[in-house]
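Colleague: Sequence first, then the predicted structure, then my questions.
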Amino acid sequence: MSDRGFLFLFSLAMIAVGVAATGYLVATGQALTLDGLFLILTALLIAVGFALYLAYMVRRAMEVPKAPPPAAKAPAPAASKPAAVEG
């Protein structure tokens, strides 16, 4: 697997873990405590960070690659100058 594929799957997993942790804190009632609020904030912040990276990665993969610039032509050989006439 390429490194981009691994990073894509890892980002998806981190988003899922952040959302699942938030769901767990809400389901168990821990979200109503001050510590629970900070845990939710942290979990969602991490999920948003990975989601932004994922959006950047997908947008970059969908871009059309730019064509390489045309190769510079070799300069034409300079015409030889006529010899100076001495007289």
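Modeller: Good, I have the coordinates.
Colleague: In which helix or strand does the most centrally placed residue in the chain reside?
Modeller: When the chain is reduced to its mean C-alpha position, the closest residue under CA atoms, centre = their mean turns out to be M57, at 3.8 Å. Per DSSP states H and E, M57 falls inside helix 34-62.
Colleague: ok so, going back, the residue nearest to the centre of the chain reaches L7, doesn't it?
Modeller: Yes - using CB atoms under 8 Å, M57 is in contact with L7, at 6.9 Å. Placement of C-beta: from N, CA and C, glycine included.
Colleague: Give me the helices and strands touching the helix holding M57, please.
Modeller: Packing contacts for helix 34-62, counted by 3 or more CB pairs under 8 Å, 6 or more residues apart in numbering; DSSP states H and E, involve helix 3-27.
Colleague: where does the chain dip in pLDDT?
Modeller: Across the chain, the ranges flagged by pLDDT under 70 are 74-79, 81-87.
Colleague: Now do the contacts for the residue nearest to the centre of the chain.
Modeller: M57 is in contact with 4, 7-8, 11, counting by CB atoms under 8 Å, 6 or more residues apart in numbering.
Colleague: at 7 Å what do you get?
Modeller: By CB atoms under 7 Å, 6 or more residues apart in numbering, the residues touching M57 are 4, 7-8.
Colleague: Mind checking which of those are buried?
Modeller: With burial judged by 16 or more other CB atoms under 10 Å, the buried subset of the contacts of M57 is F8.
Colleague: what's around the closest residue in space to G18 that isn't next to it in sequence, how many residues?
Modeller: Nearest non-adjacent residue to G18, counting by CB to CB, 6 or more residues apart in numbering: A47, 3.1 Å away. Number of residues near A47 (other CB atoms under 10 Å) recorded here: 20.
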